[in-house]
Each structure stands twice: as structure tokens, then as C-alpha cells.
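K.L.:
Need coordinates for the below:
(chains A and B)
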Protein chains: 2
Amino acid sequence: MSEHENSSQLKSSGRSQLRRRPGRGSRDRNTVNAILDEALVAHIGFIDAGAPTVIPATPWRIGDWLYLHGAANGRLVQLVGAGAPVSVSVALVDGLVFARSAMRHSCDYRSVVLFGTGEAVTDPASKSEALLRLVDRLSPGRSGQVRPPDEKELAATGVVRLKISEGAAKIRQGPPTVVDKDAGWTVWTGIVPVAMRAGSPQPAEDDDALAPPALWPWLRT
Amino acid sequence: MSEHENSSQLKSSGRSQLRRRPGRGSRDRNTVNAILDEALVAHIGFIDAGAPTVIPATPWRIGDWLYLHGAANGRLVQLVGAGAPVSVSVALVDGLVFARSAMRHSCDYRSVVLFGTGEAVTDPASKSEALLRLVDRLSPGRSGQVRPPDEKELAATGVVRLKISEGAAKIRQGPPTVVDKDAGWTVWTGIVPVAMRAGSPQPAEDDDALAPPALWPWLRT
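P.N.:
From the prediction side, this is the model:
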């Protein structure tokens, strides 16, 4: 844990050592950030009353910080905001990998696992600003078009954040592995790519003059 | 924790109580199973050397058990297989929800959080059978077409499982919420549906006689 905070590489310690298939791992900050930015859901692990607890939440990134929000009196906000140790996992599945042997079947994926301790964002202006960035996470520029949070809404919502500092990305990509003992097994092999795609926008109100929100390029239609 | 093991409802205790928006929650086993069956990735939380640790893995279900696998000497297999307390989270994102106010933006989703203690599946026949079901998880009937695991492959791979017994599903679905104070804000509102979709199969070998694998109906093309 001796590297600089703003290093282009994430840090490693015992818990974040890449044990399995380290060749698939990366601590490059840009790689990690790109995966975090594309993930619509993160899974946040913390210890609650002695038991591991994992809950899903929409993550968003501002610089070197990963933000999460929830009800002000909820577990995520209370525990993570108080500085509890936390682990965050996101995974994007890019393909189903079909091999000749059962054990070489796999998925193409890009994942990130982070470790750290959370902190609460309590200043109302910072909270409001962060939550507007979350709105832009759904659609670029959206925050400028909608009613911003008011005092009461801000009080009901908690925002917490984790420094993106320790952890790693892991990426599997490429054709299925064939091993010698697969000879003679004749079966389709290859990749079936999968991706999150957007369908046709479904307006809630009847107003043809309003254009549906722009989408980020990673969410193809 | 007084209900029968084979109840149609999952159990609840303090840690699995639906605290936030209980109206979105369900303990119905069929609802939980359907979400687990569709999820290509689950996020497994356990405590490793005192710290919460969450890692992604492909889950598969056999009856009332959720299965996971990994390297035989990996953390997941070693800790969860030894009966460590575990929490498993899966989330399927179904839509982006655009409201008039920043704070009513949301996602449509179906998620499951489970709690329990793991156990190892060590009998080679049971391990092999379970791993073939994982292959069928990628494509129905695929396990009958590929080289099954041999003794050496089985020894290198650990299989663990968790009884699907305590936890809940949570589902958000429907139009954005409009509140009185949103009056006068004119902006597109509605849902942009999102879903995991399969693209064109990319064969690894040149053999037009072989048909690409069948896909489960939830993975639309």
C-alpha cells in the first residue's frame, strides 16, 4: 500500500491480490474506471451484525471516487457512511464461451472488485451535486433538464463514497480453449456475444414535442 | 426462521428483513428462482481475514440450491465450502426510469439477496453432474454434446452450494413517479427498457455443418 494515491495503478494488499488467473487482471485506473462507468449496478459488501451482507445499488464515479446512495436511514448509508470496511463488485458479461469440453465453457466478462472504507457525503451542496451526476449517469446532460433535489429530498437521501484506490479489474476475452483431450469431439465452438441493449423508449406522458433522453454510447440500441 | 425448509416462501431474519420499500419485496420462491435462473453473474460476499470480500461468479440453481464453482484452492471454494457465512446478490436491470425530478430517476430491476452458509460438494459424481448443469446454463442440452469433466479436471475445480432458504427478491417496475412539486417541469418522462441481448454467434472453427448452440428464451436476440 505504498503507492501514491493518484497513481495510474490501483493498489494491492493481501485481500486484493490477484490469486486466480492473474494474467486476466489489471490494476490500470483507466481500465477500472471504464468498467465502473458502464455498470448500471454494483454489489456492495459490508459486515452487518457480524454477517457478510451484499446489496445491489447503482454506482457512479466522480474522479477517483465511487459514489452510492440510498435512504438516509438505510443500512448502506449508515454503515458505509460511518467508515465500515467495504468491498464493491461489478461485472459486465460480454459473451458466452462454448468449448469442446464442459470445463472450458466460460463467459467473456469485464469485472472490478474494490476494497476500502466508505465515507459519508453530508454537505448538502456536495450531496446535491453528486446526485445530479447520478442523473447524468442515466443520460448525458439530463440533470440540466429536471427539477433539482430540494432540502427535504436531500435530507431523506444519504450519499456515501469510496476512494477508488485498492482493487483490480479482471477481463476474460477471446476464443474458447481447446485442449488435446478434446480431439474427436465435434461440436460448435465459439462465442455468443451478449450485451446490455436499450429498447424503444416508452413515454409516460403524451407529448410528441419532447425528445427521449440521449443514451451513453455503451448502451447500444 | 420458523417456516418449513421447503416452503414456497423464503425465510426472513433480522439481516434479511426488507427494510427499504418493503412493497417492492417478495419472498416467493418461484419469483426468486426465476431471477436466479436468468442472472449470468452473482456477487458472493464473505468475510476473509476479517474484511468483507465480494467476488463475481456464475451462479446456477439445482432445485433449492444455488451452486457456484471456482478453483479448488481459491478463496470462494475454500471459505464458502468450509461453511462460512455468505451473502449472494444478483440484479437484473430492466430499464432506465426518467422522471421530472432528479430524485425520482430510478432503474427498473429484479434483484435477489440471499443469506446462509455454504457447503462443499466433494463427491466426484455429484460435482460432475453439477458442473454439467452449469454447461446447460449457457445453452439448454449443451452438456450432452461436449466432453464431460475427467478426474483431473474435477480435482482442480471446487463446487460449493448454498441452500436457497433465507433472503428475498426485490422488484421495481413501472412508470416514473410524479410529485406535486414537479408541476411546470416539462421534460420527457418514461422508461427506456434495457436487457441483455445475444448478438450473432462467432464460430471459433470453420465448420458450417455445426449449428450454434440454442439460447435460453430470456436471452433474446
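K.L.:
Pull out the buried residues from the helix ranked longest in chain A.
P.N.:
Secondary structure assigned by DSSP state H gives helix A:124-138 as the longest helix of chain A. With burial defined by 16 or more other C-beta atoms under 10 Å in any protein chain shown, the residues of helix A:124-138 counted as buried are A:127-132, A:134-138. Where you see a C-beta, it was placed from the backbone N, CA and C, and this is true even at glycine.
K.L.:
which residues touch the residue lying farthest from the centre of chain A?
P.N.:
If you look at how far each residue of chain A sits from its centre, by C-alpha atoms, centre = their mean, the farthest one is A:Gly184, at 41.2 Å. Under the criterion of C-beta atoms under 8 Å, 6 or more residues apart in numbering or on different chains, the contact list for A:Gly184 is empty.
K.L.:
how does it look with 10 Å?
P.N.:
Contacts for A:Gly184 were tallied using C-beta atoms under 10 Å, 6 or more residues apart in numbering or on different chains; they are A:100, B:147.
K.L.:
one step back: I'd like the buried residues of helix A:124-138 laid out as JSON lines, including distance to A:Trp218 and pLDDT.
P.N.:
What follows is these, written out as JSON lines (distance: C-beta to C-beta, whole Å; pLDDT from 0 to 100):
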{"residue": "A:Lys127", "distance to A:Trp218": "27", "pLDDT": "97"}
{"residue": "A:Ser128", "distance to A:Trp218": "26", "pLDDT": "98"}
{"residue": "A:Glu129", "distance to A:Trp218": "24", "pLDDT": "98"}
{"residue": "A:Ala130", "distance to A:Trp218": "21", "pLDDT": "98"}
{"residue": "A:Leu131", "distance to A:Trp218": "22", "pLDDT": "98"}
{"residue": "A:Leu132", "distance to A:Trp218": "21", "pLDDT": "98"}
{"residue": "A:Leu134", "distance to A:Trp218": "17", "pLDDT": "98"}
{"residue": "A:Val135", "distance to A:Trp218": "17", "pLDDT": "98"}
{"residue": "A:Asp136", "distance to A:Trp218": "14", "pLDDT": "98"}
{"residue": "A:Arg137", "distance to A:Trp218": "12", "pLDDT": "96"}
{"residue": "A:Leu138", "distance to A:Trp218": "13", "pLDDT": "97"}
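K.L.:
Check the residues you listed against A:Pro85 and report the nearest one.
P.N.:
For A:Pro85, the nearest member of those is A:Ala130. The distance, counting by C-beta to C-beta, is 21.9 Å.
K.L.:
Could you measure from the closest one over to A:Gly45?
P.N.:
Distance, A:Ala130 to A:Gly45, by C-beta to C-beta, to the nearest Å: 22 Å.
K.L.:
Also A:Asp37?
P.N.:
Separation of A:Asp37 from A:Gly45 (C-beta to C-beta): 21 Å.
K.L.:
And the two? Which one has more around it.
P.N.:
For A:Asp37 versus A:Gly45, neighbours defined as other C-beta atoms under 10 Å in any protein chain shown are more numerous around A:Gly45 (28 against 13).
K.L.:
Can you name the residues bridging to the more buried one?
P.N.:
The partner list for A:Gly45 in beta bridges (DSSP bridges) reads A:Val54, A:Ser87.
K.L.:
What residues does it make contact with?
P.N.:
With contacts defined as C-beta under 10 Å, 6+ apart, the neighbours of A:Gly45 are A:52-55, A:85-89, A:113, A:115, B:43-47, B:51-55, B:87, B:89.
K.L.:
okay, and for chain A, where does confidence drop off?
P.N.:
In the predicted model, chain A carries pLDDT under 70 at residues A:1-6.
K.L.:
number of nearby residues for the nearest residue to A:Arg75 once chain neighbours are set aside?
P.N.:
Residue nearest to A:Arg75 in three dimensions, not counting chain neighbours: A:Asp48, with 6.0 Å by C-beta to C-beta, 6 or more residues apart in numbering or on different chains. Applying other C-beta under 10 Å, we find 18 other residues in the vicinity of A:Asp48.
K.L.:
Strands of chain A, residue ranges please.
P.N.:
Counting by DSSP state E, chain A has strands at residues A:25-26, A:42-48, A:51-57, A:60-62, A:65-71, A:85-98, A:106-121, A:157-163, A:166-172, A:190-198, A:202-203.
K.L.:
wait, does the fifth one contact chain B?
P.N.:
Going back to what we said before, that points to strand A:65-71. Yes. Applying C-beta under 10 Å from any C-beta of the partner chain, one finds strand A:65-71 touching chain B at A:69-71.
K.L.:
Can you add neighbour count and distance to A:Ala214 and give the residues you listed back as JSON lines?
P.N.:
Conversion of the residues of strand A:65-71 next to chain B to JSON lines gives the following (neighbours: other C-beta atoms under 10 Å in any protein chain shown; distance: C-beta to C-beta, whole Å):
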{"residue": "A:His69", "neighbour count": "23", "distance to A:Ala214": "23"}
{"residue": "A:Gly70", "neighbour count": "21", "distance to A:Ala214": "27"}
{"residue": "A:Ala71", "neighbour count": "15", "distance to A:Ala214": "29"}
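K.L.:
could those residues be laid out in TSV, adding distance to B:Pro149?
P.N.:
Supplementary listing: these in TSV, determined by distance: C-beta to C-beta, whole Å:
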residue	distance to B:Pro149
A:His69	44
A:Gly70	42
A:Ala71	46
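K.L.:
phi, psi of A:Asp207?
P.N.:
Comment: the main-chain dihedrals of A:Asp207 come out as phi -150, psi 90, following degrees, to the nearest 10.
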